[in-house]
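Peer 1: Here is my input, please return the structure:
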Amino acid sequence: MLQEASVVGLIKTLGIIVLVYYVVKVLSRLFAPFLLRYVSKKAEEKFGGQFNNQRAEPAKKEGEVTIDKMPRQKQSNKDVGDYVDYEEID
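Peer 2: Take a look at the predicted model:
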């Protein structure tokens, strides 16, 4: 069967679209605070857990020095050239 588009069908469709738009708008205003609160709690748990793991390290005494990583020693190439000592003349 071939159906033709009618003005009544167009108005119904536009009415349904507008109705759905306003329903979503009202519901988002009602549920947005709950959704944001839920998301912020989850983020707080995630970041708080990471922060607590870092704080679990033993406390260090004041003035105590610790080296976590040894610096790489630079190896100079002796074949680069001669060192020339010079004085700047004014």
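
Peer 1: where does the chain dip in pLDDT?
Peer 2: For the chain, applying pLDDT under 70 flags the ranges 1-2, 50-59, 75-80.

Peer 1: Need the three-state assignment for the most centrally placed residue in it.
Peer 2: Nearest to the mean C-alpha position of the chain, by C-alpha atoms, centre = their mean, lies residue 43 at 10.7 Å. Using DSSP: H, G, I helix; E, B strand; the rest coil, the three-state assignment for residue 43 comes out as helix.

Peer 1: repeat for residue 60
Peer 2: Secondary structure state of residue 60, per three-state DSSP, is coil.

Peer 1: Look up the closest residue to it, ignoring the ones flanking it.
Peer 2: Closest residue to residue 60 apart from its sequence neighbours, by C-beta to C-beta, 6 or more residues apart in numbering: residue 66 at 6.7 Å. Yep, even glycine has a C-beta here, placed from its N, CA and C like the rest.

Peer 1: Let me see the backbone angles for the one you found.
Peer 2: The phi/psi pair for residue 66 (degrees, to the nearest 10) reads phi -130, psi 150.
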